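> how would this look folded up:
(one chain, ligands or ions: 2)
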Amino acid sequence: MRQRGRPSRGLFITLEGIEGCGKSTQARLLGEYLRTQGHVTVETREPGGTPLAEKVRSVLLDRADEPVAAETEAFLVLAARRQHVAQVIEPALARGVIVLCDRFSDSTLAYQGYARGLNVSLLERLNRLATHAVTPNLTLLFDLPVSTGLARRRSASETNRLDRESLRFHQKVRAGFLDLAKRYPARMKVVPARASKEAVARAVARIVAPLLNRVHRTDAQTATPRSTPSHHTQVRHAAR
Ligand SMILES: Nc1ncnc2c1ncn2[C@@H]1O[C@H](COP(=O)(O)OP(=O)(O)OP(=O)(O)O)[C@@H](O)[C@H]1O
Ligand SMILES: [Mg+2]
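Ligands and ions are numbered 1, 2, ... in the order given. Predicted coordinates:
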């Protein structure tokens with residue numbers, strides 16, 4: 001029987017954490033690892049993951065000078081999430097594949113809730129509306145000092161609107177994520193993220209391994225393609 005909010009097939013893994021903690025790197029490495037194990041993956045990200053939601057992402061991260069109210073930010077993120085869940089995540093889980101999502105509902109709680117000060121339980125209710133209560137089976141929280149994450153980002157890519165935020169803001173985001181991990185210990189696993197990419201990837205593989213028996217592997221001979229590259233996957237890789 002299909003419980004509301006938890007499709008009976010597939011595996012839903014989200015990757016969370018502060019800027020520059022290694023989410024996108026580890027999503028890519030985990031996707032590669034899972035595909036070599038014969039699994040089918042959909043790799044996607046938030047905000048974004050559909051053409052419409054990617055447009056919302058551009059609006060959100062744009063460095064325009066107009067100040068953005070916390071509620072505006074929350075509604076935009078939630079609108080993009082509803083679209084993403086309906087168009088990409090739910091259908092993929094119904095097909096029985098592994099969905100890897102770079103940021104999801106916990107980012108809304110950490111950024112718009114803990115850091116910007118919106119009511120966290122209200123955001124949790126809005127998240128349920130946006131996701132139709134689709135909840136990750138596993139959330140990997142990559143944790144490292146804010147200064148390390150921001151330094152990695154500075155050397156990596158173009159800056160966006162959130163890079164202008166204070167150190168204090170990013171510290172609140174980090175503390176918020178860690179608080180969520182305490183509140184949801186069964187779902188959220190903290191992964192220390194200061195080690196090398198390879199060492200972090202090994203830690204991730206150890207956490208993910210016990211969950212893999214609930215998803216089918218494809219026959220290695222017939223599995224073409226093993227991943228399902230699509231518009232949103234390509235956008236993700238192109239952008240960061
Ligand atoms: N374990 C690591 N050690 C050193 N550098 C790393 C490590 N993991 C990722 N990096 C590098 O740090 C930068 C940021 O990594 P990545 O883009 O994966 O982080 P992110 O969490 O997705 O960041 P953002 O929040 O900006 O999307 C990249 O240049 C990446 O190559
Ligand atoms: Mg990233």
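
> how about the closest residue to Ser105 other than its chain neighbours, what does it touch?
Spatially, and ignoring its direct neighbours in sequence, Ser105 is nearest to Asn127 (4.4 Å; C-beta to C-beta, 6 or more residues apart in numbering). Quick note: C-beta positions are derived from backbone N, CA and C, even for glycine. Asn127 is in contact with Leu78, Arg81, Ser105, Thr108, Leu109, counting by C-beta atoms under 8 Å, 6 or more residues apart in numbering.

> wait, doesn't Ile207 sit right on Val191?
Yes: counting by C-beta atoms under 8 Å, Ile207 touches Val191, with 7.1 Å between them.

> so what sits against both of the two?
Leu140.

> Neighbour count: these two, which is higher?
Counting neighbours by other C-beta atoms under 10 Å for Ile207 and for Val191 shows that Val191 has the greater number, 22 against 15.

> that older thread, could you dump the contacts of Asn127 into a markdown table and include distance to Gln37, pLDDT and neighbour count?
Converted to a markdown table, the contacts of Asn127 look like this (distance: C-beta to C-beta, whole Å; pLDDT from 0 to 100; neighbours: other C-beta atoms under 10 Å):
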| residue | distance to Gln37 | pLDDT | neighbour count |
| --- | --- | --- | --- |
| Leu78 | 34 | 98 | 21 |
| Arg81 | 29 | 98 | 28 |
| Ser105 | 27 | 98 | 27 |
| Thr108 | 31 | 98 | 24 |
| Leu109 | 31 | 98 | 23 |
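
> Okay, and which of those residues map to helices?
Leu78, Arg81, Ser105, Thr108 (DSSP state H).

> returning to that earlier point: JSON lines for the contacts of Asn127, including distance to ligand 2?
As requested, the contacts of Asn127 are exported to JSON lines (distance: C-beta to the ion, whole Å):
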{"residue": "Leu78", "distance to ligand 2": "20"}
{"residue": "Arg81", "distance to ligand 2": "17"}
{"residue": "Ser105", "distance to ligand 2": "17"}
{"residue": "Thr108", "distance to ligand 2": "16"}
{"residue": "Leu109", "distance to ligand 2": "18"}
